[in-house]
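Visitor: Quick one, fold the following:
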Amino acid sequence: MVLRSEILTKKTHLPAAEQALPGRETAMAVPAAHYVNGNPLQGPFPAGLQSLVVGMGCFWGVERRFWQQPGVWTTAAGYAGGHTPNPTYEEVCSGLTGHTEVVLVVFDPAQTSLEALLKIFWEAHDPTQGMRQGNDVGTQYRSALYYADDSQREAFEASQAAFQAQLAEAGYGEITTEIAPLPPFYYAEAYHQQYLAKNPNGYCGLAGTGVCLPPSLAV
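Guide: Here you go, the predicted model:
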């Protein structure tokens, strides 16, 4: 008999590489164009654009929040931070891939900034919850920021420190966000892409703390 506590332990503890599911060599087939704005979901992207990969819980609501932002060129739902190559949604949800649900955000720095997008990141979810967001429990819901270079890493760490100070004043605990070098990004299944545009009444568990990033880091 499998106890509920054993199931929760598996879902909230990252597997070692040797414990992870094997995955596959074939990448997930995804739509050619963004359902909302018509831009490509996959690169190469136009010169001058930059990208950001974030994990904030269920990627449906996260992706919608970012595609609504001025200066965002395209977005895509995917998986990152684990061991299993080209995982399926069911595999990620099993807790045996190590991935978290993430969103790729491609933006035009002439129209927005990394700092403005980090404001959305920190304020739109609770980064203190560990392997969960609200009632969504599991390693796939952990908060994450994956940096492509030292400039992004420095921006991530500075914004984290500033937001941690604000959270502490509001009575929240330590930030558990995973800040790490950008791992392989695996696109999620086609039905996940821009899910809430196709299903306006679909589930969205995105919820912030009500705490704001200081203005000096949010412009």
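
Visitor: show me where the protein has helices.
Guide: In chain order, the chain shows helices spanning 4-12, 59-67, 89-93, 114-123, 150-169, 195-198, with DSSP state H as the criterion.

Visitor: For the ones you listed, could you give me TSV that also reports distance to T139?
Guide: For glycine as for every other residue, the C-beta is placed from the backbone atoms N, C-alpha and C. Output for the helices of the chain, formatted as TSV (distance: least, C-beta to C-beta, whole Å):
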stretch	distance to T139
helix 4-12	6
helix 59-67	14
helix 89-93	9
helix 114-123	19
helix 150-169	20
helix 195-198	21
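
Visitor: Can you tell me which of those is most buried?
Guide: Each of those was assessed for mean neighbour count using mean count of other C-beta atoms under 10 Å. The highest is helix 59-67, with a mean of 24.

Visitor: Just the angle for that one relative to helix 114-123, thanks.
Guide: Relative orientation of helix 59-67 versus helix 114-123 (axes from the mean of the first three to the mean of the last three C-alpha atoms, to 10 degrees): 150 degrees.

Visitor: List the contacts of helix 59-67.
Guide: 34, 36-37, 54-56, 72, 74-78, 101-103, 105, 117, 120, 124-125, 188, 192-197, 202-206 (C-beta atoms under 8 Å, 6 or more residues apart in numbering).

Visitor: which of those count as buried?
Guide: Members of the contacts of helix 59-67 that pass the buried threshold by neighbour count (16 or more other C-beta atoms under 10 Å) are listed as 34, 36, 54-56, 72, 74-78, 101-103, 105, 117, 120, 124-125, 188, 192-197, 205-206.

Visitor: Please name the residues that touch the residue nearest to the spatial centre of the chain.
Guide: Centrality entry for the chain: nearest residue to the mean C-alpha point is G55, 1.9 Å, by C-alpha atoms, centre = their mean. The neighbours of G55, taking C-beta under 8 Å, 6+ apart as the test, are 62, 80-81, 100-103, 142-145, 178.

Visitor: Which of those residues fall within strands?
Guide: Counting by DSSP state E, the part of the contacts of G55 found in strands is 80, 100-103, 143-145, 178.

Visitor: Export those as a markdown table, with columns for distance to Q129.
Guide: Formatted as a markdown table, the entries for these read as follows, by distance: C-beta to C-beta, whole Å:
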| residue | distance to Q129 |
| --- | --- |
| A80 | 19 |
| T100 | 12 |
| E101 | 14 |
| V102 | 16 |
| V103 | 18 |
| S143 | 7 |
| A144 | 12 |
| L145 | 15 |
| E178 | 12 |
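
Visitor: Report the mean per-residue pLDDT for stretch 58-77.
Guide: Per-region confidence: stretch 58-77 scores 98 on mean pLDDT.

Visitor: do the same with stretch 120-136
Guide: The predicted model assigns stretch 120-136 a mean pLDDT of 98.

Visitor: which other residues reach it?
Guide: Surrounding stretch 120-136, the residues in contact under the criterion C-beta under 8 Å, 6+ apart are 11-13, 54, 56-58, 62, 65-66, 69, 137-139, 141-143, 145, 159-160, 163, 167, 172-177, 205-209, 211-213.
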